[in-house]
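Asks: sequence-free structure coming up:
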């Protein structure tokens, strides 16, 4: 897994890390049981404070995507979308879709982009499956 951090971005570094790890899970690059780098190692690699990496990992833990253990570190967990997640995700998706429509993107184009993105995750996952 290759992570990139844009120090000049308006998106906080912890959010960039969290988002890239979520995408790696969706792509199948990180499967259940995959270890993540130690917080201090990842922080040193990017020249950032380890608390920034801790914050990203804690968000992922709260969202049920990773498990944090003293002995084994951060490990990707198996997840099943439960109702609270569906409700929260739907609200976020509604806002993103509303923004696209408000900016003038036609509904067909918005749906096409959504389908293309979901399909890209499915395609990458099936490529990685033996």
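Replies: Here it is on my side, so go on. Just so it is clear, the structure is predicted and the values come from calculations on it, not from any experiment.

Asks: just the strands in this protein please.
Replies: For the chain, strands defined by DSSP state E occupy the ranges 66-69, 73-76.

Asks: what's the most buried one of those strands?
Replies: strand 73-76 (a mean of 19; mean count of other CB atoms under 10 Å). (C-beta placed from N, C-alpha, C; glycine too.)

Asks: tell me how far it lies from the chain's centre.
Replies: 14 Å (CA atoms, centre = their mean, to the nearest Å).

Asks: name the helices or strands packed onto that strand?
Replies: helix 50-62, strand 66-69 (3 or more CB pairs under 8 Å, 6 or more residues apart in numbering; DSSP states H and E).

Asks: residues making contact with the shortest one?
Replies: Read that as strand 66-69. 21, 36, 57-58, 60-61, 74-77 (CB atoms under 8 Å, 6 or more residues apart in numbering).

Asks: can you pull the domain assignment for the protein?
Replies: 13-76, 83-128 (automatic domain parsing).

Asks: save the ones you listed as a markdown table, and put in distance to residue 7 and mean pLDDT too.
Replies: A markdown table is the format used below for those (distance: least, CB to CB, whole Å; pLDDT from 0 to 100):
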| stretch | distance to residue 7 | mean pLDDT |
| --- | --- | --- |
| domain 13-76 | 7 | 94 |
| domain 83-128 | 25 | 89 |
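
Asks: winner for burial among these?
Replies: domain 13-76 (a mean of 16).

Asks: any idea how far residue 86 is from residue 92?
Replies: 11 Å (CB to CB, to the nearest Å).

Asks: if anything else comes up later, I'll come back, but that's it for now.
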